[in-house]
Every structure is written in C-alpha cells, then in structure tokens.
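Undergrad: Take a look and give me a structure for this.
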Amino acid sequence: MTIAFAWFRRVLATLASTSAVLFLILPTVATADDSRSGCADLIGLRLPDATVSVAESVPAGQYTAPDGRTMPVPAFCRVRGVAKPVPDSTIGFEVWLPQRGWNDRLVMFGNGGYSSAIDFGSMGRLLSAGYVTVGTDTGHTGDDPDVFMQGAANPEIIVDWGHRAVHESIVNAKRVVKAFTGAKPGYSYFVGCSTGGQQALMEAQRYPNDFDGIVAGAPGNNRISLNAGFLWQYLNNHDAGDDSRPVIPASKLRLLTEAAVRQCRGQDGGSATDGFLTDPTRCSFDPGRLRCSMDDRPSCLTDEQVRAARKMYAGARDPRTGRQVYPGWPVGSEAPVVDASGGVLSGWSTYWGTTEPARANFWRYWVFGDRNWNWWNFDYHRDLRFAQAKLGSIIDATDPDLRPFRRGGGKLLMYAGWADPVVSAYDTINYYRQVIRATSTGPAGSADSVRQTQRFARLFTVPGMTHCGGGPGPNVFDALGPVVRWVEQDIAPTEITATKYVNDDPTQGTALTRTLRPYPYGATRQGCA
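TA: Residues are numbered from 1 along each chain as shown. From the prediction side, this is the model:
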C-alpha cells in the first residue's frame, strides 16, 4: 500500500466517523417515482461501448460494500458496469440507485492518488439522502507502483486515469439512471479532493457538460509539476548522490511549524492563541531563526539544514530560465499531524520519499520508461519539458479557460488547506488567478474581474487544514450543499462555516469555528468558540 492510497483510506475512515468535509448536504426534497425497469432487467441494458455486469437489488439495512466496509443503506439497485471505449481500455464503474425517494440528483465521487479504489463510503451516505451515487476505478486495478507498470505496457491506462474514465463513467451512469427511473437526472454533481480535485477540474475543462456543479478540493491538477515539486524537495534535502540520509530529519519539521506559528499567529488574521496559521502569506518566516549557535541539536537547525529549508520554501525552479516550476509549500504545513485515531497525516517528510523520491515510479515508468532512471541526473529544464510534451495533454488539468463550463450554467467550488503538505495551496491559488484572467473582461486582478469569475467559480482557503481534511485548524465543512444551492437556486456561497471539533471528534464538542470567505478574502475569526 502506497502513501497516497494509505492516506485515501484514512481520510475515508475519518469522513465515515465525523460526517466531515464535503458530505454534509441540504435536506432533500424526494420525489416519488416508480422504476421503469426492474433492477435485474438492467443486466441486459444496451450501452454504447459498455456493458452491465452486475445488477442486483440490495435490501435496506447493513450492507457490505465491494471493498469490505459495512454501512447502513436504504433499499437500492447496485449496478456494476464496464466501459471499453477503445481497445485496451477497461473502465469499471458503479451506479447505486435508490429504490424509492430519489431526489432527482446524481453525485459522482472522485478518487485518491493513483488508486483504483472507489469511495463506497461516500456513495452509501449520499444514497441514504436520496442521491444516485457513482464511482469509477479509473480504468485500472491497484495503486502505485502497479498502475505505473501497467501503464508502461498499456498507455491507454494513463489516458483512462488522466481523464477518460470519469467521463465514460458519468455518461453511462446517466443512461443507467434513465433506464431505471424513466428520466435523466435533473442535476448532476461531482465531488473530489486531491486526485479527485484533479478529476473535477479536468471535467470542467474538457467535458464541461457532464456536471452542473463541481467541488474541487486540493486539486492535484498541475500533476507533472507537482511531481517535480516532490522531486525538488527530495533532491534539496539530500546531499548530492546520497540517498541514505535526509539533511533535515523528519523529527525537526515540527521546529519549523511551531516557530512560524509562534512568530505570526495573531498577526495573520487569526487569533493570538491559534495553533495554526490563518493566512501564511502574511507570515515572513525565515528558518534562519532556528540556526544552531553551537553544534547540531534536536532543538535547532544547522547551516546546511537552514539552506535546505530555504530551498524547499522557495519551490522548484528551472535553473536555466528561473521560471517557477512548482511553488513551495506554505509555512505551517511542514510537520506531520496526528489525527484523532492516532494516524499520522502526511507532513513534508511523507513526500520526500525514503531511499528514493516520492513518485519515482511516475518518472521511471510513465515519463522515461527506464527502470534504471537516476533522479540525481534530473534536469529541470530538459526533462520537465520532455515530460510535459509527452503527458501534459493527457494528465494535466491546467487549462484556465472555463468559459464553456460557465456558458452551460456550471458552478465550481474549489478549496485548499493552508497546512496541506501534499498539494501546495499556492498552486491552487495560482490556477484560480489564471481562471480569473481567462474568464473575465476586466483589468487583470481588478475587483471587477474577480466578481465576474465569482459568478460561476469560487475558491475558499481553509486555515490550518491539511490534505483534504484534518489538521489543527477548522477542518470540517459542507462544500456540496453550497454548490447545490448555487446550481438550483442561484444562491452563490458568500461564506462557509468550518468547524474544529475537540480531538476531531464531534461527540466531544466544538473547539472553534471559522467563517471561510471566497478568495481573495480568506477566513475570518467570527464564530470562534
């Protein structure tokens, strides 16, 4: 099990126990409807380039999903399909349809990392609220490095993972809904974080008519540059050619986080007692503050460690042109965080890699096709351009021109955690700024241009939240409900309340709340408990 997949399973477990971010929803207004086809009849449903392999009626009660988790569900029809739009493409998808009380909505959930795991937990929760729910295996089975090895032999797997699987799955899911209910969904939504956020933006860019409303959390949409950013962290935290020892050990990352918070809290828009940063852009922290006065000690940084930290905060650059390849990660995102269950949410050290860089197999198999690829020879000018020419059009979701999505009435809600050590919040903000420039007619960066873009796309930054949830800040909020209201009632989200529970356990009470406001305004302290 890789880092990304392990994280994905932890997040799903957290969501299941806390009703956490993304999945709090509006009360549904169910519409009575009778099935036009029986569930078992769907086994013979004719779909273009797809077949239905499973169509079973599931009674209300406790249900064991295909991944082994058990959950309460209403009576529903479970459909498993396989789409084969081109030779060598095999895309598995699941459609769960409530037998009664369908609310005329469909919601599809994204994936995590490079994993084929479907988010059955979220599918079950929203099914209980009257939604038809959908997931896909993205066209492969397994996780890093298995998918990379498959991709070397079958490039269609990369195309499926990059963009085709979500599109094929939702197109066929809508046909299944029509056959079962006699009507197409009135509204279709997509919710995803991390790779799911990449999928969300890919849909808005490449297939703008698939969904009416989209939630894109911590999107890894700038995928090639993101992996180059991970590589940069590794190379700059090791002596050249030495894979045996990081310059800054993981145990010292907490020094950086704690020093930055001590220096800047109360001056960054948050409270003077916060254990996190509300707005790291207002914190001019320099790791040189932690320089050892004598020998190396656990409580300070050596000269070499200060230099390494500064390079990592600066982020990856092309040494020939000086162009920023991927931004550094914000101050306050360095240290691993222990969640309520005792699991460790990834800090910087998780994505350094161990004896090789994180995502080494991406470069080894997808980019260079060389099992003996040597990361110490990586050229940030030549090799990055090669990777982008080979894969950029397939896996990067970086096109900021979302005007087709806007013309179709689509609404996009993005969010990013300021303490996220996986996808830099700076990169998400950079993309949103590009969307403003591409979709507005006002002067670049003007209030008018921001308002024009905010009519269909808004970005919320979340203080102290790590990757897709968790962390010392307010990390539980509803993102789907605001999108539903936006799409169906034309009520744009002007603020979202985020909550931090005591020990991240809702049964223990609220520790604090913060009001999130759309970029560029950020969070406010109203509502602190």
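
Undergrad: and residue 212, what is it in contact with?
TA: With contacts defined as C-beta atoms under 8 Å, 6 or more residues apart in numbering, residue 212 is in contact with 187, 188, 189, 409, 410, 411, 487. Quick note: C-beta positions are derived from backbone N, CA and C, even for glycine.

Undergrad: and which of these is nearest residue 495?
TA: For the contacts of residue 212, the residue nearest residue 495 by C-beta to C-beta is residue 411; the value is 16.1 Å.

Undergrad: rewinding a little: who wins for neighbours among the contacts of residue 212?
TA: When these are compared by neighbour count (other C-beta atoms under 10 Å), residue 411 ends up highest, at 27 neighbours.

Undergrad: Let me see the backbone angles for it.
TA: phi -120, psi 140 (degrees, to the nearest 10).

Undergrad: For it, give its distance to residue 215.
TA: 10 Å (C-beta to C-beta, to the nearest Å).

Undergrad: Overlap of the contact sets of these two?
TA: Residues touching both residue 411 and residue 215 by C-beta under 8 Å, 6+ apart: residue 483.

Undergrad: Which members of the contacts of residue 212 define the maximum pairwise distance?
TA: Most distant of the contacts of residue 212, by C-beta to C-beta, are 189 and 409, 13.0 Å apart.

Undergrad: Give me the common contacts of these two.
TA: 212, 487.

Undergrad: sorry, back to before: from the contacts of residue 212, which land in helices?
TA: residue 487 (DSSP state H).

Undergrad: Flag the shaky bits of this protein, pLDDT-wise.
TA: Residues of the chain that meet the criterion pLDDT under 70 lie in 1-37, 145-152, 339-345, 524-529.

Undergrad: Can you tell me the centre-most residue of it?
TA: Residue closest to the mean C-alpha point of the chain, counted by C-alpha atoms, centre = their mean, is residue 194 at 1.8 Å.

Undergrad: That one touches residue 216, doesn't it?
TA: No - contact between residue 194 and residue 216 fails when scored by C-beta atoms under 8 Å: they sit 10.0 Å apart.

Undergrad: any chance you could map the helices in the stretch 301-450 of the chain?
TA: Applying DSSP state H, counting those that start in this stretch to the stretch 301-450 of the chain gives helices spanning 303-314, 360-361, 382-395, 403-407, 425-439, 447-454.

Undergrad: Deepest in the core, which of those helices is it.
TA: Greatest average neighbour count among these goes to helix 360-361 (a mean of 22), per mean count of other C-beta atoms under 10 Å.

Undergrad: if we can go back for a sec, adding distance to residue 46, write the helices of the stretch 301-450 of the chain out as a markdown table.
TA: Below are the helices of the stretch 301-450 of the chain laid out as a markdown table (distance: least, C-beta to C-beta, whole Å):
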| stretch | distance to residue 46 |
| --- | --- |
| helix 303-314 | 54 |
| helix 360-361 | 39 |
| helix 382-395 | 30 |
| helix 403-407 | 30 |
| helix 425-439 | 39 |
| helix 447-454 | 42 |
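
Undergrad: out of the ones you listed, nearest to residue 352?
TA: Once those are compared by C-beta to C-beta, helix 303-314 is nearest, at 9.3 Å.

Undergrad: What lies in contact with that closest one?
TA: 232-233, 236-237, 247-248, 252, 256, 286-288, 290-291, 301, 328-329, 331, 348.

Undergrad: now with 7 Å?
TA: By C-beta atoms under 7 Å, 6 or more residues apart in numbering, the residues outside helix 303-314 that reach it are 233, 236, 237, 247, 248, 252, 256, 287, 288, 291, 301, 328.

Undergrad: Max pairwise distance over these: which two?
TA: Farthest apart among the contacts of helix 303-314 by C-beta to C-beta are 233 and 291. That separation is 20.7 Å.

Undergrad: neighbour count winner among the two?
TA: Shown here are residue 233 and residue 291; by other C-beta under 10 Å, residue 233 has more neighbours (26 against 13).

Undergrad: For the helix or strand encompassing that one, enumerate the helices and strands it packs against.
TA: Element membership for residue 233 (DSSP states H and E) is helix 223-236. Using 3 or more C-beta pairs under 7 Å, 6 or more residues apart in numbering; DSSP states H and E as the contact test, the elements touching helix 223-236 are helix 303-314, strand 316-317, strand 324-326, helix 382-395.

Undergrad: moving C-terminal of that helix, what's the next helix or strand?
TA: Counting by DSSP H and E, what follows helix 223-236 is helix 253-264.
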